[in-house]
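Turn this into a model:
(one chain, ligands or ions: 1)
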Amino acid sequence: MTASAPPLQLDAVTAGYGPLVILDRLSLALQPDEILLVLGANGSGKSTLLKTAMGLTRLAGGRLALAGEDITAWPAHRRAAAGIGYVPQTGNVFAGLSVRDNLRMGAFLRPAAQAAAQAAVLDLFPRLAERLAARAGALSGGERRMLSIALTMMAEPRLLLLDEPSSDLAPAAIDLVFAAIDRIRRERRIPVLLVEQNVARGLALADRVVVMVRGRAAATMPVGAVTSGDLHALFLDGSVGAGGPSQP
Ligand SMILES: Nc1ncnc2c1ncn2[C@@H]1O[C@H](COP(=O)(O)OP(=O)(O)OP(=O)(O)O)[C@@H](O)[C@H]1O
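Residues are numbered from 1 along each chain as shown. Got it, this is the predicted structure:
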C-alpha cells in the first residue's frame, strides 16, 4: 500500500457482462475523505462502475488499485476483506432476520470488532437501535435502507460504493440517510463513490462529480463547477464532455 495513493483508482478499465462491454477504458480516482458523485444518463454504466470496483463484472482490460495495491485480479470477497464496502441498489438485507442478526451478519469478516462496530453504526442510525428486535422485512423503506448501509459499515470498510441510496424513499428518510453518509465521510473519514439519480441531493452532498457518457468518464469536476447547462445536456443527450479528454 502507498500512503499517498488514492483510496481507489481505475485506469482504462473496460468491463461488462459476458460479451457485452459497458465500461469503455474508464479512468477515475477516488480521493481521501471525499464524496465523488457519479452522474450519467440511464444506461451510461453507473451501477456497472460500482459492480466493477467490487469485482462483480467481467473485466476485459485496465487496472484497479486500492490504496496503491493492484487488486485487478482479486475476486469480490477478497476486495470486501480488504475494505471495499458495497451497498447495492436493491439492498443487501436479510428480510427474515432481525435487525440485530443482520448487523451480526455484516460483521462476519471481523467478528472480534462486532461490539464496537455495532455501537458505531447505531450511533449513525439511532432509529435502528429502537428496532433491533424487529424483522428486517417489517422495516419501513427508510429503515431498511439505513440497515443496508449499516450492514456494510459493520465490516468497517475503508471506502464505500453506494448505489442510489435515495431511491424510493420519502424526503424525510432521504434526509436521515444522507446526513449519515455525510457523517461517514466527515467523522469516519471514509471516502464514498456515490451513484445517485437525485441530482440536487447528490450535488448538495458531494465534493466532486464524475460524468459518465456511454461507459466513459467524460468529465470530472468540483460540484461548484457543474452548471445547469451541463445537467441539461447530460440528461437530454448525454453530451457533457463527450469527446473531451478524460480526467481521472
Ligand atoms: N447483469 C447484466 N447483464 C447484462 N447487461 C446488463 C446487466 N446489468 C446491466 N446491464 C446493462 O448495462 C448497461 C448499463 O447499465 P447500468 O445499470 O450500469 O447503467 P446505469 O447508468 O446505472 O443506469 P440506470 O440509471 O438506468 O440504473 C445497460 O444497458 C444495462 O441494460
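
any low-confidence regions in this protein?
Scanning the chain for pLDDT under 70 picks out the ranges 1-3, 235-248.

Confirm for me that residue 160 is in contact with residue 180.
No: if you go by C-beta atoms under 8 Å, residue 160 and residue 180 don't touch, sitting 11.0 Å apart. All C-beta atoms are positioned from the backbone trio N, CA, C, and that covers glycine.

Show the subsequent helix or strand relative to the strand or helix carrying residue 177.
Secondary structure from DSSP states H and E places residue 177 in helix 171-186. Where DSSP H and E defines the elements, the next helix or strand beyond helix 171-186 is strand 192-195.

any bit of the next helix or strand after that following strand sitting next to the ligand?
For strand 192-195, the following helix or strand on the C-terminal side (DSSP H and E) is helix 199-205. No: Helix 199-205 does not reach the ligand (C-beta under 6 Å from any ligand atom); its nearest approach is 11.6 Å.

ok, back up a step: what comes up buried for the helix holding residue 177?
Going by neighbour count (16 or more other C-beta atoms under 10 Å), the buried part of helix 171-186 is 173-174, 176-178, 180-181, 184-185.

ok, now stretch 140-152?
Neighbour-count burial for stretch 140-152, counted by 16+ other C-beta under 10 Å, picks out 142-152.

out of those residues, which are inside helices?
Within these, membership in helices is found for 142-152, as judged by DSSP state H.

okay if I get those as JSON lines plus distance to the ligand?
Below are these laid out as JSON lines (distance: C-beta to the nearest ligand atom, whole Å):
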{"residue": "142", "distance to the ligand": "21"}
{"residue": "143", "distance to the ligand": "23"}
{"residue": "144", "distance to the ligand": "19"}
{"residue": "145", "distance to the ligand": "16"}
{"residue": "146", "distance to the ligand": "22"}
{"residue": "147", "distance to the ligand": "22"}
{"residue": "148", "distance to the ligand": "17"}
{"residue": "149", "distance to the ligand": "18"}
{"residue": "150", "distance to the ligand": "23"}
{"residue": "151", "distance to the ligand": "22"}
{"residue": "152", "distance to the ligand": "19"}
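
residues contacting residue 108?
Under the criterion of C-beta atoms under 8 Å, 6 or more residues apart in numbering, the neighbours of residue 108 are residue 155.

what do you get for residue 70?
Neighbouring residues of residue 70 by C-beta under 8 Å, 6+ apart: 63-64.

coming back round to it: quick one: common contacting residues for residue 160 and residue 180?
Residues touching both residue 160 and residue 180 (C-beta under 8 Å, 6+ apart): residue 149.

Would you map out the domains in this structure?
The chain resolves into domains spanning 1-83+159-248, 94-156 when parsed by automatic domain parsing.

what are the ranges of the helices in the chain?
Under DSSP H, the chain gives helices at 46-54, 76-81, 99-106, 114-124, 126-129, 141-153, 171-186, 199-205, 228-237.

can you list the ones you listed in JSON lines and add distance to residue 221?
Formatted as JSON lines, these follow (distance: least, C-beta to C-beta, whole Å):
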{"stretch": "helix 46-54", "distance to residue 221": "16"}
{"stretch": "helix 76-81", "distance to residue 221": "28"}
{"stretch": "helix 99-106", "distance to residue 221": "34"}
{"stretch": "helix 114-124", "distance to residue 221": "29"}
{"stretch": "helix 126-129", "distance to residue 221": "35"}
{"stretch": "helix 141-153", "distance to residue 221": "26"}
{"stretch": "helix 171-186", "distance to residue 221": "19"}
{"stretch": "helix 199-205", "distance to residue 221": "11"}
{"stretch": "helix 228-237", "distance to residue 221": "8"}
